[in-house]
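Visitor: Sequence first, then the predicted structure:
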Amino acid sequence: MLKRIVLVVIAMYVFPVFGQSQKFKVVLDAGHGGKDYGAVYHGNIEKNIALQTVLRVGAILEKDPQIDVVYTRKSDVFIELQQRANIANKSKGSIFVSMHCNANKNQAASGNETYVMGITRNASNLEVAKNENEVVTLETDYKIKYDGFDPNSPESVIGISILQEEHLDQSIELAGRVQEFFTKKTDNKNRGVKQAGFLVLRQITMPRVLIEMGFVSNKEEGEFLNSEAGQDKLAEAIAGAILDYKNEFFNPSNNDTREDVKVIDKKDEIIVKETPKKEEVIKKVEKATEKGIVFKIQISASTKELATTPSNFKGLSPISVESTGSLYKYFFASEKNYETAKQKLEEAKQKGYSTAFIVAYKDGIKISVTDAIK
């Protein structure tokens, strides 16, 4: 039940780190494979469902000329977790999306959920991560390769270091869209966006998510997951979420019709709820409401609260911060002109904030960069 996650780093207008001719690269990861069957219930095999759904998602995305798709596997083969990360990082993907199926001793459990990398002490989240991480025992010398990791130890799961934490905000953006599109395309229960320590995600240097598409342990839901019709719906939802994310961040010239999401922290889980467009509620920290259109450069997102002094941000100033739940978002500059904002973005990148991007506000309320440019 290893969950892999595809996360998208951005390009073009919002993320000029990519040239306008460069494509949006999506790394699709089908969980398990080969000798690793994943969860098996009622004749439903996780590794097969994950692969078949990944291939369907890829087929949809490949129709978009702006997208390149990279697969960690396209057949029934065993790929070590470290190798999955190597494939993603070497490809310099924009996002990493790992697809899995859930399972529970309580066979009535049902629904889909999407995970981002993080530390949690929530018992159910720990159990999901533990199940997905157990695949490492099929690898030789796994304790050496993974620094003594023990999949049966909650301490090991909690202790997985969170690398590239600046991708957390983008990962949440993608995960929220996945859950939103699941709700649109299926009748299955929406279990929300959550955090957990997945070994496969720890060394991936891009936004990444791990999707649990449903429970193979639930007989009815397992039949849905194992059916062509079910996989088509799941693939449409996941591909739709990726395209929505791409259109917002990679190609903002497209009309933005999506709803914003509000992220709320509750009992070590990140829950994404839909909110009316342009009415995203954010707790403002150290920020006075600014009238009119304002562009800022988001340079990082972290669970750590830092003083907004230049010395904490490689000399950049001014710095502002907002918080949503336990996540702090740090911004550089505040510009009325988009062209000036792009210059500030380059300044932030030169300071080492390679994943920085532009965000926009109208009268203190976050809006899409597309609407702000218009």
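Guide: Everything's here; your move. Residues are numbered from 1 along each chain as shown.
Visitor: so which strand or helix has Y330?
Guide: strand 327-335 (DSSP states H and E).
Visitor: That strand packs against which elements?
Guide: For strand 327-335, the elements it packs on are helix 168-185, strand 293-302, strand 319-324, helix 338-350, judged by 3 or more CB pairs under 8 Å, 6 or more residues apart in numbering; DSSP states H and E. For every residue, glycine as well, the C-beta is placed using N, CA and C.
Visitor: Okay, buried residues for the last one please.
Guide: Judged by neighbour count (16 or more other CB atoms under 10 Å), helix 338-350 contains these buried residues: A341, K342, K344, L345, A348, K349.
Visitor: ok, then the element right after that helix?
Guide: The element immediately downstream of helix 338-350 (helix or strand, assigned by DSSP H and E) is strand 357-362.
Visitor: any idea of the mean pLDDT in that following strand?
Guide: In this model, strand 357-362 has an average pLDDT of 86.
Visitor: immediately after that strand, which helix or strand?
Guide: Using DSSP H and E, the next helix or strand after strand 357-362 towards the C-terminus is strand 365-367.
Visitor: quick one on the thing from earlier: looking at the buried residues of helix 338-350, which is nearest E236?
Guide: Distance from E236 was checked for each of those by CB to CB. The minimum falls on L345, at 33.7 Å.
Visitor: Skipping its backbone neighbours, what lies nearest that closest one in space?
Guide: Sequence neighbours aside, I297 is the residue nearest to L345 in space, at 5.2 Å (criterion: CB to CB, 6 or more residues apart in numbering).
Visitor: Wait, the one you found touches F357, no?
Guide: Yes. With contact defined as CB atoms under 8 Å, I297 reaches F357; the gap is 7.3 Å.
Visitor: shared neighbours, these two?
Guide: Both I297 and F357 are in contact with L345, where contact means CB atoms under 8 Å, 6 or more residues apart in numbering.
Visitor: Just give me the neighbour total for T309.
Guide: As a burial measure, T309 scores 9 neighbours (other CB atoms under 10 Å).
Visitor: before we move on, what about the one 4 residues further on?
Guide: The number of residues packed around F313, counting by other CB under 10 Å, is 21.
Visitor: Test my guess that it contacts A333.
Guide: No. F313 lies out of contact with A333 (CB under 8 Å); the separation is 11.2 Å.
Visitor: Return every residue with contacts to both of those two.
Guide: In contact with both F313 and A333: no residue, using CB under 8 Å, 6+ apart.
Visitor: Can you give me the domain assignment for the chain?
Guide: Structural domains assigned to the chain are 24-249, 279-373, following automatic domain parsing.
Visitor: tell me the most buried of those domains?
Guide: Stretch with highest mean neighbour count among these: domain 24-249 (a mean of 21; mean count of other CB atoms under 10 Å).
Visitor: Sketch out the low-pLDDT regions of this structure for me.
Guide: Counting by pLDDT under 70, the chain has low-confidence residues at 1-21, 118-166, 196-202, 251-289, 302-303, 324-327, 354-355.
Visitor: which stretches of it form helices?
Guide: With DSSP state H as the criterion, the chain has helices at 46-61, 81-91, 123-133, 142-145, 154-159, 168-185, 219-225, 228-249, 338-350, 369-373.
Visitor: need the contact list for A235.
Guide: Taking CB under 8 Å, 6+ apart, we find A235 in contact with T53, R56, V57, A59, I60.
Visitor: Look up the closest residue to the second one, ignoring the ones flanking it.
Guide: Using CB to CB, 6+ apart and skipping residues adjacent in sequence, the residue nearest R56 is A235, 3.5 Å away.
Visitor: for the fourth one, same thing?
Guide: Counting by CB to CB, 6+ apart, A235 is the residue found nearest to A59 once chain neighbours are left out, at 7.8 Å.
Visitor: Does A39 touch I49 like I think?
Guide: No. Between A39 and I49 there is no contact under CB under 8 Å: 9.3 Å.
Visitor: Now list whatever residues contact both of the two.
Guide: In contact with both A39 and I49: C101, V216, using CB under 8 Å, 6+ apart.
Visitor: picking up where we left off before, can you list the contacts of A235 in JSON lines and add distance to I95?
Guide: What follows is the contacts of A235, written out as JSON lines (distance: CB to CB, whole Å):
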{"residue": "T53", "distance to I95": "17"}
{"residue": "R56", "distance to I95": "18"}
{"residue": "V57", "distance to I95": "12"}
{"residue": "A59", "distance to I95": "18"}
{"residue": "I60", "distance to I95": "15"}
